[in-house]
Structures are given as C-alpha cells and as structure tokens.
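Undergrad: heads up, no residue letters with this:
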C-alpha cells in the first residue's frame with residue numbers, strides 16, 4: 001500500500017523564518033503618551049519634543065513609565081521645565097509615576113522626523 005499523503009520524516013523542514021520573532025509594535029499606551037508629548041514644546045525652538053526627535057524611548061511598565069529623552073544642548077536652561085512637562089503629559093495619559101532619563105548623547109537635526117521644520121536646510 002502506497003500512501004503519499006503521509007509526511008516523509010526525512011523531508012526538509014520549513015524555514016525558521018516562519019517562527020522568527022516579529023519586531024515589537026508600540027503599545028496603545030506608548031502611542032498615547034507619544035501623542036500627548038506632541039504638546040510639550042521646546043520654548044527656544046517652538047517645536048514639540050516629538051518634532052525635534054528628543055524622545056528616544058517610551059517604556060510603559062507595570063508600575064511606572066520610563067522615558068528616555070535628549071536635550072538640544074547639554075546645558076539647556078529649560079531642561080527642568082521640559083522634564084516636568086514631559087512627566088505631566090505622560091502621567092495625564094497613563095496615570096502612574098513617570099521617570100524621565102536625560103541621555104548624554106548630542107542632539108542633531110538629523111534625529112528629527114522632519115528636519116525641514118526648522119526652516120533651513122543642512
């Protein structure tokens with residue numbers, strides 16, 4: 001009896017790509033926080049922290065939100081106010097404590113989603 005419908009145990013297995021992990025998509029909470037952060041403006045440049053590309057990471061955990069951000073200059077005089085505004089905007093959307101970490105990396109217009117918003121070319 002010849003049963004070709006049985007699977008050959010020696011046949012090649014399908015590629016592992018089907019089981020490869022997919023990149024993690026932002027959660028609804030993270031997207032809501034990023035949307036709220038569009039209202040937080042850099043007072044010197046008059047663009048949002050999102051438009052400037054200052055927000056590098058938003059992580060919503062079980063008991064706290066952690067935001068990593070940059071400043072346009074290392075000794076930005078508005079840093080304390082901007083940090084407070086970022087915390088307030090995040091906590092207005094996800095009502096849990098928010099920690100804002102300032103990254104030491106230098107900011108550059110190339111980090112912006114649309115550098116043309118600055119009004120000059122590079």
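TA: Happy to help now that I have it. Values in this document were obtained by computation on a predicted structure and should not be read as measured data. Numbers count the residues shown, from 1 in each chain.

Undergrad: Could you report the separation of residue 37 from residue 75?
TA: Distance, residue 37 to residue 75, by C-beta to C-beta, to the nearest Å: 22 Å. In this view, the C-beta of every residue, glycine as well, is placed from N, C-alpha and C.

Undergrad: more crowded one of those two?
TA: The neighbour comparison of residue 37 against residue 75 (other C-beta atoms under 10 Å) goes to residue 37, with 22 against 6.

Undergrad: so what's that one up against?
TA: The contact partners of residue 37, taken as C-beta atoms under 8 Å, 6 or more residues apart in numbering, are 48, 49, 50, 55, 86, 89, 90.

Undergrad: Could you pick out the buried ones from those?
TA: Buried subset of the contacts of residue 37 (neighbour count, 16 or more other C-beta atoms under 10 Å): 48, 49, 50, 55, 86, 89, 90.

Undergrad: So which of these is the closest to residue 71?
TA: Among the buried ones among the contacts of residue 37, residue 49 lies closest to residue 71 (C-beta to C-beta), at 9.6 Å.

Undergrad: Now that closest one. Nearest residue, chain neighbours left out?
TA: The shortest distance from residue 49 to any non-neighbouring residue, by C-beta to C-beta, 6 or more residues apart in numbering, is to residue 40 (4.8 Å).
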